[in-house]
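A.B. asks: Give me coordinates for this.
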Amino acid sequence: MENWQEFTEETIAALLEDGSDPDALYTIEHHFYHADFKKLEQLAVEVFKLGFEVTDAEEIELDDGSLAWVFDAIREQSLDADAITADAIRLEKVAAEHGIEYDGWGTYFEDEDGYELDEDDDL
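C.D. replies: From the prediction side, this is the model:
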């Protein structure tokens, strides 16, 4: 189990230190993966019922060459560390109940004009 409070606070601090807009709404993406599509699909339904937008599952190749299915649970919200941490803890628990790996959360840099920057954008 990851220390989600510490991870969340460090991530938010790094975003703000880099100049991300503290007042913006952020796309928070929680990541899940598993080799069994049906098990992952069952979790996606449950996560949707918890109020998250759920992306379509995609098949990917892991570092060890094995294949897995992945999806993200998405919520638009402010950089509220307590709320993000609570979601991470709850989603990790729900994933574990289904035997699914919860792979943490991420978001994107937001400039003051509301534009999301990702790794492909030049700063």
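
A.B. asks: Kindly provide the distance from Pro22 to Glu41.
C.D. replies: In this view, Pro22 and Glu41 are 37 Å apart by CB to CB, to the nearest Å. To be clear about C-beta, it is placed using only N, CA and C from the backbone, and glycine gets the same treatment.

A.B. asks: and what of Leu16?
C.D. replies: 36 Å.

A.B. asks: just Ala83 next, same as before
C.D. replies: From Ala83 to Glu41 the distance is 27 Å (CB to CB).

A.B. asks: Pick out the residue nearest the middle of the protein.
C.D. replies: Central residue of the chain (CA atoms, centre = their mean): His30, 2.0 Å from the mean position.

A.B. asks: And the helix or strand hosting that residue, how far out from the chain middle?
C.D. replies: Per DSSP states H and E, His30 falls inside strand 26-34. Between the centre of strand 26-34 and the centre of its chain there are 2 Å (CA atoms, centre = their mean, to the nearest Å).
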